[in-house]
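Asks: Curious how this folds, go ahead:
(one chain, ligands or ions: 1)
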Amino acid sequence: MMIKKCLFILCLSLITIAAFSQQQPFKISIQHLTGNCYLFISYGLANGAPFPANGVYVVTNDGVVVIDTPWGEDETQQLIDSVYRRHHKKIILSISTHFHADRTGGIDVFKKASVKTYSSQQTLALCKKSGNKQAAYTFTNDTTFNIGGTTIQTYYPGEGHTKDNIVVWLPKQKVLVGGCLVKSTETENIGNVADANVAQWPQTIKNVMVKYPGAKYIIPGHQGWASLNSLKHTLEVIKSAGN
Ligand SMILES: [Zn+2]
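Replies: Here you go, the predicted structure:
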């Protein structure tokens, strides 16, 4: 038990060191998740310090679909180049899960690369209002994309981290991209709640739990995804933040 705890602290320290050793321009990293799904980490500044953000991409027969853009524009170009080098395929479509820059920051770079950039209508409205990058295409209701043999579904579970946060579900791979609605089990910090609905957030998480009981991977917006307890953990983090 003690060894596990020590290892956990060691891992956390290494992640922190990795984050702080990041200098601008930040360098993205990519890891294989499962099947045709990959996870990428980009960085942005949070309270003046580099902070990692998670995004996911799926390699389909027709090209690559990205869930959430990297945080920065330079990092988005890195993702375009890395994906092409690794898979010899172009990124063809992106879906941003809410309006903040850690999900939308690369939209203009994607547009220049002929990527079809998507968000919900609600996210687009908030991007306009806050001066964030805006997707070219929108959906109003929960939407299923069938692209090159891969099914990708969006679901709006209610307000939480922001009013507009959606999750993305890959039914075949059983990957749930939770975005910033979901907190990693590596943090006890509720994070940026400037645009949050903390009162509604628990019910929104419960909606996600009921909808995707069979998720094999749950990817939070930031930090580690090894644990499948992140939804339950998010409820605990919100509860502690309210005390
Ligand atoms: Zn975030």
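Asks: which ones are touching whichever residue of the chain sits closest to the ion?
Replies: Nearest to the ion in the chain, going by Cβ to the ion, is residue 180, at a distance of 3.4 Å. (Each C-beta comes from the backbone N, C-alpha and C, glycine too.) Contacts for residue 180 (Cβ atoms under 8 Å, 6 or more residues apart in numbering) come out as 97-98, 100, 102-103, 161-162, 165, 191-192, 220-222.
Asks: give me the subset of the residues you listed touching the ion.
Replies: The subset of the contacts of residue 180 within reach of the ion, by Cβ under 5 Å from the ion, is 102, 221.
Asks: Out of the contacts of residue 180, list just those in strands.
Replies: residue 220 (DSSP state E).
Asks: Redo the contacts of residue 180 as a markdown table? Include neighbour count.
Replies: Listed next are the contacts of residue 180 as a markdown table, based on neighbours: other Cβ atoms under 10 Å:
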| residue | neighbour count |
| --- | --- |
| 97 | 30 |
| 98 | 27 |
| 100 | 28 |
| 102 | 28 |
| 103 | 32 |
| 161 | 28 |
| 162 | 24 |
| 165 | 30 |
| 191 | 18 |
| 192 | 14 |
| 220 | 26 |
| 221 | 25 |
| 222 | 22 |
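Asks: Does residue 173 touch residue 39 like I think?
Replies: No. Contact status for residue 173 versus residue 39: not in contact, 11.9 Å apart, counting by Cβ atoms under 8 Å.
Asks: hang on, the earlier thing: filter the contacts of residue 180 down to the ones in helices?
Replies: Among the contacts of residue 180, the ones falling in helices (DSSP state H) are 102-103.
Asks: one step back: now do the shared contacts for residue 173 and residue 39.
Replies: With Cβ under 8 Å, 6+ apart as the test, residue 173 and residue 39 both reach residue 33.
Asks: Near the ion, which residues of this structure? Just list them.
Replies: 102, 180, 221.
Asks: Chain neighbours aside, what residue packs nearest to the first one?
Replies: What that stands for is residue 102. residue 53 (4.3 Å; Cβ to Cβ, 6 or more residues apart in numbering).
Asks: residues in contact with that neighbour?
Replies: 41-44, 68, 70-71, 102, 221-222.
Asks: Okay, buried residues for stretch 99-118 please.
Replies: 99-107, 109-111, 113, 115-118 (16 or more other Cβ atoms under 10 Å).
Asks: Can I get the contacts of residue 180 in TSV including distance to residue 57 and pLDDT?
Replies: Shown next, in TSV, are the contacts of residue 180 (distance: Cβ to Cβ, whole Å; pLDDT from 0 to 100):
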residue	distance to residue 57	pLDDT
97	13	98
98	18	98
100	19	98
102	16	98
103	14	98
161	21	98
162	22	98
165	19	98
191	23	94
192	24	92
220	17	98
221	15	98
222	17	98
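Asks: which residues of this protein score low on pLDDT?
Replies: 1-22, 243 (pLDDT under 70).
Asks: so where do the helices sit in it?
Replies: 2-20, 73-87, 101-104, 107-112, 121-130, 201-211, 230-242.
Asks: Among those helices, show me which one is buried the most.
Replies: helix 101-104 (a mean of 26; mean count of other Cβ atoms under 10 Å).
Asks: Fine, thanks again, bye for now.
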